[in-house]
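In: Sequence first, then the predicted structure:
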Amino acid sequence: MPRVGLTPEQVVDHALALIDEQGPEALTLAAVAARAGVATPSLYKHVSGGLAELRRLIAVRVTRELADRLAEAALGRGGDDAVAAVLRAYHGYATEHPHRYSALPQAPQPDDELTRAAARLVGVIVAVLREYGLGGSEAIHAARTVRSLAHGFASLSIGGAFQLSEDLSTTQDRLITVLTSGLRSWPRS
């Protein structure tokens with residue numbers, strides 16, 4: 001019988017706290033069990049697929065968190081302002097939670113729950129792009145462009161690639177300007 005009060009969501013909470021504090025390589029069932037105050041075999045009552053299932057649940061949670069952050073940032077905004085807010089929110093999430101961000105799958109996974117979470121994340125980006133009049137294939141190309149810019153800038157920031165003294169927020173402003181200018185002149189198919 002599962003420990004009273006311990007849920008799969010709480011197991012994920014413990015796992016994410018561990019990842020946030022010590023990095024993704026620290027994720028083991030034993031470490032999560034210790035944080036949760038249960039014996040390692042007891043975790044299987046809450047996460048039946050073991051570490052692989054826990055990693056999947058973490059990926060779903062992180063994808064949902066990022067989608068929520070982007071949706072909240074875009075709310076009530078349109079056009080360039082919405083794109084800027086989404087890019088800043090993306091970078092903010094990634095840099096506030098660099099280890100957690102590393103659990104974000106970068107390729108489609110054969111998992112319905114994760115696919116739905118990823119579709120929502122991409123859906124937020126596509127919705128922001130509607131004001132530019134992009135539809136069909138061009139909306140997909142533009143969404144890929146936004147995601148590439150957001151992920152690249154976040155990954156380079158997290159990795160410590162920007163060592164020069166110039167202000168990083170100014171660089172981000174320039175990236176946003178280049179992107180929004182490009183979106184306004186995007187080819188129509």
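Out: That came through fine.
In: SS state for the spatially most central residue of the chain?
Out: By C-alpha atoms, centre = their mean, the chain has its centre lying nearest to L66, at 4.0 Å. Of the three states, L66 takes helix under DSSP: H, G, I helix; E, B strand; the rest coil.
In: and the closest residue in space to Q106 that isn't next to it in sequence, how many neighbours does it have?
Out: Residue nearest to Q106 in three dimensions, not counting chain neighbours: H151, with 7.2 Å by C-beta to C-beta, 6 or more residues apart in numbering. All C-beta atoms are positioned from the backbone trio N, CA, C, and that covers glycine. Using other C-beta atoms under 10 Å, H151 has 16 other residues around it.
In: H151 sits in which helix or strand?
Out: Using DSSP states H and E, H151 falls within helix 136-158.
In: again with V178
Out: helix 168-184.
In: thinking again about what came up before, need the contact list for the nearest residue to the residue nearest to the centre of the chain once chain neighbours are set aside.
Out: By the measure of C-beta to C-beta, 6+ apart, the closest residue to L66 outside its immediate chain neighbours is Y93, 5.4 Å from it. With contact set as C-beta atoms under 8 Å, 6 or more residues apart in numbering, Y93 has these partners: E65, L66, R69, Y101.
In: Same check on L66?
Out: Y90, Y93, Y101, L104, L121.
In: per-residue confidence at P2?
Out: With respect to pLDDT, P2 scores 44.
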